[in-house]
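> Pasting a predicted model and its sequence here:
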Amino acid sequence: MSRGAAGRRTKLAILDAAAHLVARKANATMAEVADAAGVARSTVHRHFPERGDLVDALEDYANSELVSAHERSASAGGTALDALLRFGQELFEKSDLLVAAYGNPGRETEIADGQNADPALNALILKGQGDGSIARELPAAWVAQVLWSLFYAAWLMNASSRMSKHEALGMFLETFTRAVEPR
């Protein structure tokens, strides 16, 4: 195994551990991240010299995962609603990462102002309205907010141990479907 491959795996292990920890404790320290990742604090600092670097890397990782999830869900066929449900399932598999990267307090204004609008998600919603799988009377921005709100509710139910991951995912997908399907 090459040194570069081992370094990439270590960096990914740190990011995954940080995502799990930061999603539940936004102010987690670098030492806590190191403990969660099972590495020395110096290893964390070698990859992420400052906490801000780790936070930026979590957001970059989340952005990359979102792009990949969009591509996979849109290419599998079926209606746009089917693709959105596949996308939602993929989101839920990466829920700790997404909550850690985007769940930062104080970003509500950015979200409300549409600064974090996701063009691929918006295009998929509009496609669903065109193919009749998503209610045409619902604004695309509303459908996107419903998706993200239900995603967060499902994550929270699972993270607080009120529902198993399987139950929370099922409720998320079922509730989203009922909310956006044409009547």
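Sure thing, it's come through.
> Point out where this protein drops to low pLDDT.
For the chain, residues meeting the criterion pLDDT under 70 lie at 1-3, 104-117.
> Please identify which helix or strand holds the residue nearest the centre of the chain.
For the chain, the residue nearest the mean C-alpha position is residue 98 (3.1 Å; CA atoms, centre = their mean). In this assignment (DSSP states H and E), residue 98 forms part of helix 95-102.
> go on, residue 88?
Applying DSSP H and E, one finds residue 88 within helix 80-93.
> in that helix, what's buried?
Residues 80-88, 90-92 are the ones in helix 80-93 that count as buried (16 or more other CB atoms under 10 Å). (C-beta placed from N, C-alpha, C; glycine too.)
> before we move on, back to that, the residue nearest to the centre of the chain reaches residue 88, doesn't it?
No. Counting by CB atoms under 8 Å, residue 98 sits too far from residue 88 to count as a contact (11.4 Å).
> Overlap in contacts, the two.
residue 151 (CB atoms under 8 Å, 6 or more residues apart in numbering).
> Got the phi and psi for residue 75?
Residue 75 adopts backbone torsions of phi -90, psi 0, taken as degrees, to the nearest 10.
> Start at 283, not 1
That works, and once the first residue is 283, the last one we named lands at residue 357.
> what sits against residue 339?
Residue 339 neighbours (CB under 8 Å, 6+ apart): 293, 297, 329-330.
> Helices of this protein, start to end?
Remark: helices assigned in the chain by DSSP state H are 285-306, 312-319, 323-329, 333-356, 362-375, 377-384, 390-394, 401-413, 422-441, 447-462.
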